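S.K.: Sequence first, then the predicted structure:
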Amino acid sequence: MNAASHYDYIIVGAGSAGCILANRLSEDGRARVLLLEAGGPDRHPYLHIPLGLGRMHKARMFDWGYDSEPEPALNGRRIEAMRGKVLGGSSSINVMAFTRGDPSDYDRWAQNGAHGWSYAEVLPYFKRCETWEDGENTWRGGHGPIGVEWAKTRDPLFSAWLDAAAAAGYPVIDDYNAGRHEGFARSQYSIRNGRRCSASTAYLTPARGRRNLTVITRALVHRVLMNGVCAEGIEYSCGGRVTQAFADAEVIVSAGAFNSPQILMLSGIGPADELRKLGIRPLLDLPVGRNLHDHTAVLIMFSRPNAGPFRDAMRIDRMPVAMLRAWLSGTGPATVVPGGLHAFIKTRTELAAPDLEFMFRGAPPQAHLWFPLLRPAYVDGFGIRPALLRPESRGEIRLRSADPKAHPRIFFNLLKEPGDIARLRDGFKRAREVALQSALDAHRGNETSPGEKVQSDTDIDVWIRRTCVTAHHPAGTCAMGIRNDCVLDSQLRVRGTEKLRVVDASAMPEPVSAHINATVMMIAEKAADLIRGVALPGRKQPERAVAPA
């Protein structure tokens, strides 16, 4: 074991939260900060060219390789659970959708015990994260590290979707990140100058030259070193050697909804009986790993009689040029994600926030490179993916063993509660209704999945259980709040400990009605101020603006 090093702050995990904390905690030049990442550097072009996500996902590159345990309500299927293992974490491999959720999401957090996390109190941190393409206003930031832009696709399919939504009676709104969240709207992505704007490129890269910031990649953290209830440092392996590092101020675990609870439990913090069974001496009996929630989604697909612009770009002689152009100049078709809309809707008018999301695909899952006479072009298609935003079902993370190299056991328990499949079925019917509007007639061929024969509630439910997946928004496994089932207090400190926090999606006590990356970044920005004792921005609640239809 190597000699230990001393720092003020040790941050475990260089994902969305960890990169932000490393930047903010080191920016005064005084605090010594160590950032550890189990994955490698983010140098590969696929990590920076927006269209590279397709190849990364198919090959599960830069991914922990996690899959769930067999899911009882899904016919015993194991569900793929992709999480980023590289600098930037999942912000380096996600689809780059930038959505905050409904203001009531955060008011609900505060009302239920996460004091200080109401929408009025988190809005300044959302704004601090971003540079919005249309400039700063009451709701949006204009000078932050994350570049956020409108979807750039020129596919006429997406205008037809908006017309179909209006015909079906749904609101069409301007900006779902500005007050009103309910409705169909043009997508927003964390892309700047034609490149993916990950937490690594936006926050970590500008800070890498600081002498007080040390970044170590390919470093697997084994456990937090505890002296009684006080966190003193961490133990990790890197290059075949086991090393210890000590923190004079705090240890901050930012390893994500799967790995943060794993690290705490390996450190003796978690369900005591389960830890004993694995030979781990419990230090604190806390519900670590419980309350796992994620958004469950299915995909309705249609053939497309007239191919869209994305298929033209997928020709073998065009795509390599497009990728090279994107890498060298940040321009061209490889900088455009083949999706253009998101929709957030309510299944009941009395709901405080949308409980369903529609995600849209402008290409079929089997899209591939093609060339006339050599490899036939694929049959073009498009899809709509209804996702359940407020699931009642909860899962958990458990240890597989006391070996830190062993993958954690992931129990999503998707659709375990009967109300979840009923709402997802409702979402399926609503999505199909929109897709069958006359505005889409020119683009829509046959329904290829599940197919027109699937009509009864029973048949729909069978198809949902056979095909549904996670939307890759896991959260809640170290929830903050004041209830007995919470792991963290409202300042993200692990209850009953000293000098130990968890700052990532684990802290989210309840689901947000959106993709979670923007929320995780907000949490990290706010946490940086909490850790440094910086005065919080003003708490005056802005009037809610209704975006124009």
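M.R.: Thanks, I have it.
S.K.: Secondary structure element holding the residue of the chain most remote from its centre?
M.R.: Within the chain, L373 marks the point farthest from the mean C-alpha position, 40.6 Å out by C-alpha atoms, centre = their mean. For L373, there is no helix or strand it lies in under DSSP states H and E.
S.K.: do you know how far it is from D420?
M.R.: In this view, L373 and D420 are 48 Å apart by C-beta to C-beta, to the nearest Å. Any C-beta I mention is one placed from the backbone N, CA and C, and that applies to glycine too.
S.K.: Next: T205.
M.R.: Distance from T205 to D420, counting by C-beta to C-beta: 40 Å.
S.K.: ok, those two, which is more surrounded?
M.R.: More crowded of T205 and D420, by other C-beta atoms under 10 Å: D420, with 21 against 17.
S.K.: and that one, that one's in a helix?
M.R.: Yes: under the criterion used here (DSSP: H, G, I helix; E, B strand; the rest coil), D420 sits inside a helix.
S.K.: hang on, it packs against P391?
M.R.: Yes: D420 is in contact with P391 according to C-beta atoms under 8 Å; the separation is 5.1 Å.
S.K.: which neighbours do the two share?
M.R.: T296, L414 (C-beta atoms under 8 Å, 6 or more residues apart in numbering).
S.K.: Ramachandran angles for W370?
M.R.: Torsion angles at W370 (phi, psi; degrees, to the nearest 10) stand at phi -150, psi 170.
S.K.: Now the terminal residues of stretch 276-288, how far apart.
M.R.: Using C-alpha to C-alpha, to the nearest Å, the end-to-end distance of stretch 276-288 comes out at 14 Å.
S.K.: Pull out the buried residues from that stretch.
M.R.: I280, P282, L283, L284, L286, P287, V288 (16 or more other C-beta atoms under 10 Å).
S.K.: what's the answer for stretch 479-493, then?
M.R.: Buried-residue list, stretch 479-493, by 16+ other C-beta under 10 Å: A479, M480, G481, C486, V487, L488, D489, S490, L492, R493.
S.K.: Please apply the same query to stretch 147-160.
M.R.: G147, V148, E149, W150, A151, T153, D155, L157, F158, A160.
S.K.: Just the residues contacting that stretch, thanks.
M.R.: 98, 130-133, 186-193, 197, 202, 304, 308-310, 335-341, 360, 362, 382, 439-440, 442-443.
S.K.: go with 7 Å
M.R.: Residues outside stretch 147-160 that contact it (C-beta atoms under 7 Å, 6 or more residues apart in numbering): 98, 130-133, 186-192, 197, 308-310, 336-341, 362, 382, 439-440, 443.
S.K.: In the chain, where is pLDDT below threshold?
M.R.: The chain contains residues with pLDDT under 70 at 1-4, 536-549.
S.K.: now the helices: where do they sit in it?
M.R.: Per DSSP state H, the chain carries helices over the ranges 16-26, 53-59, 103-111, 119-129, 157-167, 199, 205-207, 256-266, 272-277, 309-313, 319-329, 418-435, 457-467, 517-532.
S.K.: Save the ones you listed as a markdown table, and put in distance to I93 too.
M.R.: A markdown table is the format used below for the helices of the chain (distance: least, C-beta to C-beta, whole Å):
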| stretch | distance to I93 |
| --- | --- |
| helix 16-26 | 11 |
| helix 53-59 | 5 |
| helix 103-111 | 25 |
| helix 119-129 | 19 |
| helix 157-167 | 24 |
| helix 199 | 12 |
| helix 205-207 | 17 |
| helix 256-266 | 12 |
| helix 272-277 | 31 |
| helix 309-313 | 20 |
| helix 319-329 | 17 |
| helix 418-435 | 25 |
| helix 457-467 | 23 |
| helix 517-532 | 11 |
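S.K.: from these, which stretch is densest packed?
M.R.: Highest mean neighbour count among the helices of the chain (mean count of other C-beta atoms under 10 Å): helix 199, with a mean of 34.
S.K.: other SSEs contacting it?
M.R.: helix 16-26 (3 or more C-beta pairs under 7 Å, 6 or more residues apart in numbering; DSSP states H and E).
S.K.: quick check: angle from the helix it packs on to helix 256-266?
M.R.: Counting by axes from the mean of the first three to the mean of the last three C-alpha atoms, to 10 degrees, helix 16-26 lies at 70 degrees to helix 256-266.
S.K.: quick revisit: now for the residue farthest from the centre of the chain: which residues touch it?
M.R.: So L373 contacts nothing (C-beta under 7 Å, 6+ apart).
S.K.: what's near enough to touch S92?
M.R.: The contact partners of S92, taken as C-beta under 7 Å, 6+ apart, are D42, L47, F62, G84, V86, S198, S200.
S.K.: how near is the nearest residue to it once chain neighbours are set aside to P450?
M.R.: Sequence neighbours aside, S198 is the residue nearest to S92 in space, at 4.4 Å (criterion: C-beta to C-beta, 6 or more residues apart in numbering). Separation of S198 from P450 (C-beta to C-beta): 35 Å.
S.K.: next one: F158
M.R.: In terms of C-beta to C-beta, F158 sits 23 Å off from P450.
S.K.: what do you get for L74?
M.R.: Distance from L74 to P450, by C-beta to C-beta: 15 Å.
S.K.: Kindly report the same for C486.
M.R.: Using C-beta to C-beta, C486 is found at 40 Å from P450.
S.K.: looking at it, C478 is touching Q262, isn't it?
M.R.: No: counting by C-beta atoms under 7 Å, C478 stays clear of Q262, with 10.7 Å between them.
S.K.: which residues do those two both contact?
M.R.: Between them, C478 and Q262 share no contacting residue, judged by C-beta under 7 Å, 6+ apart.
S.K.: Chain neighbours aside, what residue packs nearest to G481?
M.R.: Distances taken as C-beta to C-beta, 6+ apart place G113 nearest to G481, at 3.8 Å, with adjacent residues excluded.
S.K.: How about K416?
M.R.: Nearest-residue entry for K416: S393, 4.2 Å, with adjacent residues in sequence omitted and distances by C-beta to C-beta, 6+ apart.
S.K.: And for that neighbour, the neighbour number?
M.R.: So S393, with other C-beta under 10 Å, has 20 neighbours.
S.K.: residues touching the closest residue in space to L264 that isn't next to it in sequence, list them.
M.R.: Using C-beta to C-beta, 6+ apart and skipping residues adjacent in sequence, the residue nearest L264 is V288, 4.9 Å away. Residues near V288 by C-beta under 7 Å, 6+ apart: P261, L264, M265, I269, G270, P271, C478, V487.
S.K.: Of all pairs in those residues, which one spans the longest distance?
M.R.: P271 and C478 (12.7 Å; C-beta to C-beta).
S.K.: Could you check which of the two is surrounded by more residues?
M.R.: Neighbour comparison, P271 and C478: the larger count goes to C478, with 34 against 19 (by other C-beta under 10 Å).
S.K.: dump the residue contacts of the residue nearest to that one when sequence neighbours are not counted.
M.R.: For C478, ignoring the flanking residues on the chain, the nearest one in space by C-beta to C-beta, 6+ apart is S506 at 3.8 Å. Applying C-beta under 7 Å, 6+ apart, we find S506 in contact with A257, S260, P261, A475, G476, T477, C478.
S.K.: The closest residue in space to I20 that isn't next to it in sequence and R315, how far apart?
M.R.: Leaving aside its chain neighbours, I20 sits nearest to A524 (3.8 Å; criterion: C-beta to C-beta, 6+ apart). Distance, A524 to R315, by C-beta to C-beta: 41 Å.
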